[in-house]
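Colleague: Sequence first, predicted model second:
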Amino acid sequence: MNKTEQVNGLPGKFASKWINQMKVMKTWVESLCVNLLLLLHTVNSVRFEVIVPSDPITADAGDDIILPCYLKPNISAEDMRVQWFRERHKIPDPNTVVHLYQDGRDQNEDQILSYKGRTALFKEEMKKGNASLKLRHVQGYDDGFYQCLVKSESWYEEARIQVQVKAVGSQPVVSIEGHRNGGMGLLCESKGWFPDPAELEWLDSKGVSLSAGSTETHRDPEGFYTVRLNVVVKETNSFICRLRQTHLRVPMDTEIHVPGELFDHTIPLKVSLGVIVPVLFIALVGIIWFLRKIKQKDHIIRILELKVEVTLDPDTAHRYLVLSDNRKEIKYDIKDHRYHLADPKRFDEHECVLGVQGFESKSFYYEVKVEEGRKDWWRVGVAEESANRNGEINFSPEDGFWTIEKEWDTCRYYACTSPRVHITWTDRLQKVGVFVNYEQKQVSFFDAENKSNIYTFNDCNFTVKLFPLLYICSYCHLSSILSVL
């Protein structure tokens with residue numbers, strides 16, 4: 001028996017058997033290790049379900065709501081991707097992202113415009129599998145279906161949840177618009193309806209329906225419906241605007257009395273003095289008006305001498321605004337996030353930009369070209385250096401802003417006070433002049449084309465340096481432009 005046939009003095013046949021057993025044992029251990037690794041991998045890539053309520057979440061306009069979404073089993077979602085998104089064809093935005101959490105933080109650069117500043121996850125609850133979304137200040141456009149998607153490195157699930165928004169609008173507001181087509185024009189308007197717009201009807205004092213065409217319907221930036229109905233009446237009477245809506249049990253009525261004096265402009269005058277005096281009065285009024293127009297234009301010419309050079313500050317520009325190379329022009333472009341870096345001077349919620357130059361204790365004037373498309377919403381004016389630039393902003397003098405705006409859906413002009421003041425302006429503005437008079441504490445706006453005053457803020461409390469301000473947003477999300485001249 002040689003050495004190779006012995007192991008620890010055992011005969012060769014026993015040594016051979018022992019070696020074979022060792023080989024089997026080694027194979028078994030290797031197999032066990034592989035299975036343990038697979039088991040560990042399986043534990044780390046555990047499958048889960050996404051659970052949401054089957055019933056719709058109902059909300060009144062303006063409420064804060066929670067869209068529940070949980071993982072089953074209750075594993076942590078802190079290291080996962082949590083994404084809430086909308087169906088594309090239901091919203092007026094090219095994006096679909098409502099909220100995105102990834103790599104341990106919120107990443108909402110491509111969030112739908114109307115959701116900015118209104119969404120949040122429950123970060124402390126995510127370790128328990130809670131992926132629910134809090135939605136603040138519910139709007140009409142929030143109505144519809146949402147998807148809650150949760151994705152780990154090796155697995156993902158999503159579930160669908162419905163939000164139903166309802167809003168009861170305002171009592172009909174009736175106003176006299178003046179002489180129309182040989183009679184008196186009346187307007188009835190009501191705002192804030194959802195999900196169905198209301199229907200309006202004009203009635204006389206006996207309840208007989210008047211011929212008034214069909215109700216005009218518009219949607220405001222938050223998705224709620226505004227309804228309007230005009231009628232022309234030929235004689236004095238009391239008239240009723242009646243509003244009906246699917247979810248109202250009882251119609252809303254608003255009554256207005258149109259006095260006969262308003263129709264007297266057609267009565268023949270029988271006394272010659274009654275003709276001469278009004279004619280002389282009208283002529284006098286015309287002369288006064290003419291002299292005032294001349295004086296006003298002379299005043300504007302003097303204002304033009306105070307015109308300043310304005311360049312725009314990219315450090316204050318919202319990320320959806322793109323500045324031209326000469327910093328005289330801003331373009332609204334939701335796809336070009338050129339100014340995405342965090343900066344305390346930057347507007348993070350509203351699409352605004354300030355001028356580089358600030359003015360203190362000095363009157364100044366500048367002009368903005370505002371020729372726009374149908375769906376543009378612009379705002380121009382001045383802002384205090386200390387005015388808030390983060391989150392939701394109330395563009396009013398109380399908060400350091402003196403601006404006018406054009407509403408995107410109605411193309412009406414407003415002074416941004418609290419509440420807003422409707423500016424009756426029939427011409428389409430193409431160039432707006434902004435004049436700050438420090439001595440008289442006024443901010444005035446002019447149609448720079450025909451040298452006419454549009455609106456003036458009086459008794460302005462200027463406390464710090466003022467900067468030119470521009471705002472533009474397009475609700476059809478096409479590129480839109482404002483430029484300083």
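Modeller: The structure has been received and is ready for your questions.
Colleague: now the chain, which segments are flagged as low pLDDT?
Modeller: Scanning the chain for pLDDT under 70 picks out the ranges 1-20, 23-24, 26-45, 88-95, 261-301, 334-342, 371-375, 409, 474-480.
Colleague: Walk me through the domains of it.
Modeller: Domain ranges of the chain: 3-44, 49-166, 173-261, 306-484, per automatic domain parsing.
Colleague: Throw these into a markdown table and include mean neighbour count, thanks.
Modeller: Where C-beta positions appear, they are placed from N, C-alpha and C, glycine not excepted. As requested, those are exported to a markdown table (neighbours: other C-beta atoms under 10 Å):
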| stretch | mean neighbour count |
| --- | --- |
| domain 3-44 | 10 |
| domain 49-166 | 17 |
| domain 173-261 | 16 |
| domain 306-484 | 17 |
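Colleague: would you list every one of the helices in the stretch 151-300 of the chain?
Modeller: 272-304 (DSSP state H, counting those that start in this stretch).
Colleague: Quick check, central residue of this protein?
Modeller: Ser114 (4.9 Å; C-alpha atoms, centre = their mean).
Colleague: Is the residue lying closest to it once chain neighbours are set aside in a helix, a strand, or coil?
Modeller: Spatial nearest neighbour of Ser114, chain neighbours left out: Tyr141 (5.6 Å); criterion: C-beta to C-beta, 6 or more residues apart in numbering. Look at Tyr141: counting by DSSP: H, G, I helix; E, B strand; the rest coil, its state is helix.
Colleague: distance of Tyr141 from Met80?
Modeller: Using C-beta to C-beta, to the nearest Å, Tyr141 is found at 28 Å from Met80.
Colleague: Also Lys431?
Modeller: As judged by C-beta to C-beta, Lys431 and Met80 stand 53 Å apart.
Colleague: try Ser190
Modeller: From Ser190 to Met80 the distance is 46 Å (C-beta to C-beta).
Colleague: Check Thr456 too.
Modeller: 56 Å.
Colleague: same check, this time on Gly178
Modeller: Applying C-beta to C-beta, the value for Gly178 to Met80 is 63 Å.
Colleague: what's the answer for Lys127, then?
Modeller: Counting by C-beta to C-beta - Lys127 and Met80 are separated by 11 Å.
Colleague: ok, now Phe467?
Modeller: Phe467 is 44 Å from Met80, by C-beta to C-beta.
Colleague: How about Tyr366?
Modeller: Relative to Met80, Tyr366 is positioned 51 Å away (C-beta to C-beta).
Colleague: How far does stretch 77-89 sit from its chain's centre?
Modeller: Offset of stretch 77-89 from its chain centre (C-alpha atoms, centre = their mean, to the nearest Å): 22 Å.
Colleague: May I have that stretch as CSV, with CA atoms only?
Modeller: Taking C-alpha atoms only, stretch 77-89 is exported to CSV below (Å, rounded to 0.1, in the frame of the first residue of the first chain):
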residue,chain,number,x,y,z
ALA,A,77,-41.3,53.4,0.2
GLU,A,78,-38.5,55.8,1.2
ASP,A,79,-36.0,54.4,-1.3
MET,A,80,-38.6,53.9,-4.0
ARG,A,81,-40.0,56.1,-6.8
VAL,A,82,-43.4,57.4,-5.9
GLN,A,83,-45.2,59.2,-8.8
TRP,A,84,-48.6,60.7,-9.0
PHE,A,85,-49.8,61.6,-12.5
ARG,A,86,-52.9,62.5,-14.5
GLU,A,87,-54.4,61.3,-17.8
ARG,A,88,-53.1,63.6,-20.5
HIS,A,89,-56.3,64.4,-22.4
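Colleague: quick one, what contacts the residue nearest to Ala167 when sequence neighbours are not counted?
Modeller: Excluding the flanking residues, the one nearest Ala167 by C-beta to C-beta, 6+ apart is Ala61, at 3.5 Å. Counting by C-beta atoms under 8 Å, 6 or more residues apart in numbering, Ala61 makes contact with 138-140, 165-167, 192, 194, 224.
Colleague: Among those, name the ones in strands.
Modeller: Counting by DSSP state E, the contacts of Ala61 place 165-166, 192 in strands.
Colleague: is it possible to export those to a markdown table including distance to Trp202?
Modeller: Listed next are those as a markdown table, based on distance: C-beta to C-beta, whole Å:
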| residue | distance to Trp202 |
| --- | --- |
| Val165 | 29 |
| Lys166 | 27 |
| Gly192 | 21 |
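Colleague: check contacts around Gln107.
Modeller: Going by C-beta under 8 Å, 6+ apart, the list of residues near Gln107 reads 100-101.
Colleague: Could you do Val356 as well?
Modeller: By C-beta under 8 Å, 6+ apart, the contact list for Val356 reads 310-313, 327.
Colleague: For the residue nearest to Glu201 when sequence neighbours are not counted, give the beta-bridge partners.
Modeller: Excluding the flanking residues, the one nearest Glu201 by C-beta to C-beta, 6+ apart is Arg242, at 4.7 Å. Counting by DSSP bridges, Arg242 forms beta bridges with Glu201, Asp253.
Colleague: Ala198 is in contact with Arg242, correct?
Modeller: No. Counting by C-beta atoms under 8 Å, Arg242 sits too far from Ala198 to count as a contact (10.0 Å).
Colleague: sorry, back to before: am I right that the residue nearest to the centre of the chain falls within a helix?
Modeller: Yes. When three-state DSSP is applied, Ser114 is found to be in a helix.
Colleague: Return the distance of it relative to Cys148.
Modeller: Counting by C-beta to C-beta, the gap from Ser114 to Cys148 is 19 Å.
Colleague: again, but for Val370
Modeller: To Cys148, Val370 is 42 Å away according to C-beta to C-beta.
Colleague: Asn130 too?
Modeller: 11 Å.
Colleague: what's the answer for Arg86, then?
Modeller: Distance from Arg86 to Cys148, by C-beta to C-beta: 12 Å.
Colleague: Same check on Ile393?
Modeller: Counting by C-beta to C-beta - Ile393 and Cys148 are separated by 30 Å.
Colleague: Kindly reformat the contacts of Ala61 as CSV and extend each row with distance to Asp333.
Modeller: Formatted as CSV, the contacts of Ala61 follow (distance: C-beta to C-beta, whole Å):
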residue, distance to Asp333
Val138, 28
Gln139, 24
Gly140, 26
Val165, 30
Lys166, 35
Ala167, 32
Gly192, 31
Phe194, 30
Phe224, 27
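Colleague: wait, which of these is closest to Tyr332?
Modeller: Proximity of those to Tyr332 (C-beta to C-beta) peaks at Gln139, which lies at 20.6 Å.
Colleague: for the closest residue to that closest one other than its chain neighbours, what are its contacts?
Modeller: Distance criterion C-beta to C-beta, 6+ apart; nearest residue to Gln139, sequence neighbours excluded, is Glu222 at 3.9 Å. Glu222 makes contact with 114, 139-141 under the criterion C-beta under 8 Å, 6+ apart.
Colleague: Recalculate using a threshold of 10 Å.
Modeller: By C-beta atoms under 10 Å, 6 or more residues apart in numbering, the contact list for Glu222 reads 61-62, 114, 137-142, 167, 192, 194.
Colleague: same thing with His257?
Modeller: Counted by C-beta under 10 Å, 6+ apart, His257 has contacts 205, 236-239.
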